[in-house]
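> sharing a sequence plus its predicted fold:
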Amino acid sequence: MTEDLRIALFGETPEHDIFRASYAYAEHDYQNLLAFRRERHHPERVLVSLKRERRRLMNLKRVRAVVGYTDRILSTDIEKGLQRRELLLAEERIYRFAMMRDLGINADQDREKDEIHGWVEMLLAGSRSENHSFLESQEEFIQIAQYFCRTEQEEPFVWLHAYIREFIDICPKSYLEKGVFGKFMRSVFGVFFFARTAGNTDYTSIARLSGHFATTYLFDDILDDPGYPDEEKTDYFQNVLQILASKKYDEQEYSNDPVMAFSERAFTDMRDILDERRGRMVAQSYHAIAQATYTGSHWKYTTPLTEADLYAIATIKAAYTRIIPAILAGHTIDSGFLAHCMRAGLIYQLTDDLRDITDDLEEETITPFNYYRYGISAMDVHPVEVFFAAVRRISEENLRNIPDARDLWVLRISHSLRMLQMKHGEENLQTLFRELHFPDDACTTEMARIGEYSSVIVDIEAEAAKTSSDSAVTMRGGWSSKPVYGH
């Protein structure tokens, strides 16, 4: 089935529909996962990693309390040094997680620490001062980008800085308040990340492709926006499909709505930059995402759905959001890479859904978590049990040369629980888990206890996304009364 997926992605034969091939692959792999869960999954092994993470956070909280008391009594500054060490450790772990998630067994886990620190310097550059954003200074933005890319080129980053400012200006403030700009910046970094691993130094193309790729994420937000009439969203969806089916430099009519038109131009600009082969692969990838997004946007609690529907759509959307930046950056796309992206994509999407539970409940955006509780169709296995089985399977079958792969996935859980705790408030997460019918077992208990220590979790990716989103809201006319979370 992997070969069918590869053929469909390359667009070599018209009878291989990318969405159908991707859905069939994801459905088959989900059935494989259920078989793995029945025959070889032992939850206590994941529980070991959960307990290790909870004890780490518990000890860190105790140490912080002691150090804070010492600083107050003796007028020392030990806590600042402790926080710096925590940050350095978090930098390494999040970088190693990103390598594992995106590259699988080909991940280079021995990158130089100064390279890791340079990556985080770029991510957190906007947090140096509460009253200053690195986006406000073109010169500072260029310097940081040059350091990150180890290049003296300027022009690509002049263009990228101007494009980022244009995105902020045209993006609705309500989108920025939801954290859309954090997602935008994370997508830009994703293309540069794959370019570095591929050894691609054509930063003129990479900068433009990264900006356009990040803009296309507006597609999801537009289709989910209740402010647009269904007819207008349908026309927009068809417009995007037409662009994806078009050829290089074909003329294109855009929507009258400026946000829709801006995102549509991003699709055509990518098409015109890429060579024919990569352009076809990117178009096919977006076809898969567009069909999956459009399908999911029409789901309600009253929609009869199977587990295969829920997990296949989640897998497709998450997998191709990693496949596309790899294609754009010139990374080699083979069957092994595609299979890894599909398996890792399901796990990554489920952790995203975990952190967004309260948002999804409020907006009635259908995910496996809230559909399990409120959907019209019964699901046999709780999503958190699917997640743990998927972590075990990918760690043992696909990531054997990364000894702590399971711990790195649990790190992702702790980051999701930190964000969920922030959004849910001070109430114990165990109450929320009971409401959503989480299994009453040791793993669920450990997850709730990890949430209790969320204040000491260092989640650089979330902090960077929040910093970026706050900066964008500020540049659009002052701080919002709504909390801005990075997704």
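Thanks, I have the structure now.
> might one say that residue 334 is in contact with residue 3?
No - with contact defined as CB atoms under 8 Å, residue 334 does not count as touching residue 3 (10.6 Å). Where C-beta positions appear, they are placed from N, C-alpha and C, glycine not excepted.
> against residue 456, how distant is residue 65?
Distance, residue 65 to residue 456, using CB to CB, to the nearest Å: 10 Å.
> for the residue lying closest to residue 149 once chain neighbours are set aside, give me its contacts.
Closest residue to residue 149 apart from its sequence neighbours, by CB to CB, 6 or more residues apart in numbering: residue 203 at 6.2 Å. If you count contacts by CB atoms under 8 Å, 6 or more residues apart in numbering, residue 203 has them with 149, 151, 153, 156, 157, 195.
> quick check, the third one in a strand?
So that's residue 153. No - counting by DSSP: H, G, I helix; E, B strand; the rest coil, one finds residue 153 to be coil, located in no strand.
> retrieve the pLDDT associated with it.
We have a pLDDT of 93 for residue 153.
> how about the fourth one?
Per-residue confidence at residue 156 stands at 95 (pLDDT).
> what does the one 4 residues further on give?
Model confidence at residue 160, expressed as pLDDT, equals 96.
> tally of neighbours for it?
Neighbour count for residue 160, taken as other CB atoms under 10 Å: 22.
> for it, which non-adjacent residue is spatially closest?
The nearest residue in space to residue 160 (CB to CB, 6+ apart) is residue 207, at 4.3 Å.
> quick one: name whatever helix or strand follows whichever strand or helix holds that neighbour.
Counting by DSSP states H and E, the element that carries residue 207 is helix 203-215. Using DSSP H and E, the helix or strand that follows helix 203-215 in sequence is helix 218-224.
> tell me the buried residues in the helix or strand following that following helix?
Using DSSP H and E, the next helix or strand after helix 218-224 towards the C-terminus is helix 230-245. Neighbour counts using 16 or more other CB atoms under 10 Å place 232, 233, 235, 236, 237, 239, 240, 241, 243, 244 of helix 230-245 among the buried residues.
> ok, now stretch 355-363?
Applying 16+ other CB under 10 Å to stretch 355-363 flags 355, 356, 357, 359, 360, 361 as buried.
> the fourth one and residue 423 touch, don't they?
When you say that, I think you mean residue 359. Yes - Residue 359 lies in contact with residue 423 (CB under 8 Å); the separation is 6.7 Å.
> thinking again about what came up before, need the overlap of contacts for residue 334 and residue 3.
With CB under 8 Å, 6+ apart, residue 334 and residue 3 have no common neighbours.
> what about residue 83, how many residues nearby?
So residue 83, with other CB under 10 Å, has 14 neighbours.
> any idea of the pLDDT on it?
pLDDT, residue 83: 75.
> again, but for residue 425
75.
> ok, residue 468 next?
77.
> and what of residue 1?
For residue 1, pLDDT reads 66.
> residue 297 now?
87.
> what about it, neighbour count?
Neighbours of residue 297 (other CB under 10 Å): 17.
> adding secondary structure, distance to residue 339 and pLDDT, write the buried residues of stretch 355-363 out as JSON lines.
Listed next are the buried residues of stretch 355-363 as JSON lines, based on DSSP: H, G, I helix; E, B strand; the rest coil; distance: CB to CB, whole Å; pLDDT from 0 to 100:
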{"residue": "355", "secondary structure": "helix", "distance to residue 339": "26", "pLDDT": "91"}
{"residue": "356", "secondary structure": "coil", "distance to residue 339": "27", "pLDDT": "91"}
{"residue": "357", "secondary structure": "helix", "distance to residue 339": "29", "pLDDT": "94"}
{"residue": "359", "secondary structure": "helix", "distance to residue 339": "31", "pLDDT": "89"}
{"residue": "360", "secondary structure": "helix", "distance to residue 339": "28", "pLDDT": "92"}
{"residue": "361", "secondary structure": "helix", "distance to residue 339": "33", "pLDDT": "92"}
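> out of the residues you listed, who's nearest residue 309?
residue 360 (16.4 Å; CB to CB).
> contact partners for that closest one?
Residue 360 sits next to 353, 366, 367, 369, 370 when contact means CB under 8 Å, 6+ apart.
> now those residues in TSV, with secondary structure and pLDDT?
Shown next, in TSV, are the contacts of residue 360 (DSSP: H, G, I helix; E, B strand; the rest coil; pLDDT from 0 to 100):
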residue	secondary structure	pLDDT
353	helix	94
366	coil	95
367	coil	96
369	helix	96
370	helix	96
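> just these now: which is nearest residue 418?
Of the contacts of residue 360, the one sitting nearest to residue 418 (CB to CB) turns out to be residue 353, at 15.2 Å.
> what's the burial count for that closest one?
Residue 353: 23 neighbours (other CB under 10 Å).
> tell me the one of the buried residues of stretch 355-363 nearest residue 283?
Closest to residue 283, out of all of the buried residues of stretch 355-363 and judged by CB to CB, is residue 356, at 28.6 Å.
> returning to what we had before: what's the PyMOL syntax to select whichever of the contacts of residue 360 are buried?
Selection command for PyMOL covering only the buried members of the contacts of residue 360, criterion 16+ other CB under 10 Å:
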select buried, resi 353+366+367+369+370
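> pull the longest helix from this protein.
helix 43-74 (DSSP state H).
> and that one, what's buried?
For helix 43-74, by 16+ other CB under 10 Å, it's 43, 46-47, 49-51, 53-54, 56-57, 60, 64, 67.
> now the element after it, going C-ward?
Trace forward from helix 43-74 with DSSP H and E and the next one is helix 78-103.
> tell me the angle of that next one relative to helix 43-74?
For helix 78-103 against helix 43-74, the angle by axes from the mean of the first three to the mean of the last three CA atoms, to 10 degrees is 150 degrees.
> for the helix or strand containing residue 474, what is the distance to the chain centroid?
Using DSSP H and E, residue 474 sits within helix 460-475. Distance of helix 460-475 from the chain centroid (CA atoms, centre = their mean, to the nearest Å) equals 15 Å.
> please report the distance of the residue nearest to residue 160 from residue 328.
11 Å.
> residues near the nearest residue to residue 171 once chain neighbours are set aside, how many?
Excluding its sequence neighbours, the residue lying closest to residue 171 (CB to CB, 6+ apart) is residue 180, at 6.3 Å. Other residues lying near residue 180 total 25 when counted by other CB under 10 Å.
> now the helix or strand containing residue 373 - C-alpha only, PDB.
Secondary structure assignment for residue 373, by DSSP H and E: helix 368-374. Output of helix 368-374 as PDB, limited to C-alpha atoms (Å, rounded to 0.1, in the frame of the first residue of the first chain):
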ATOM      1  CA  PRO A 368     -11.800  11.600  18.300                       C
ATOM      2  CA  PHE A 369     -11.800  12.800  21.900                       C
ATOM      3  CA  ASN A 370     -15.100  14.700  21.900                       C
ATOM      4  CA  TYR A 371     -16.800  12.400  19.400                       C
ATOM      5  CA  TYR A 372     -16.000   9.400  21.600                       C
ATOM      6  CA  ARG A 373     -18.000  11.200  24.400                       C
ATOM      7  CA  TYR A 374     -20.800  12.900  22.400                       C
END
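> centre of the chain to the next helix or strand after that helix, how far?
Under the assignment DSSP H and E, the closest C-terminal helix or strand after helix 368-374 is helix 383-397. Averaging C-alpha positions (CA atoms, centre = their mean) puts helix 383-397 18 Å from its chain's average.
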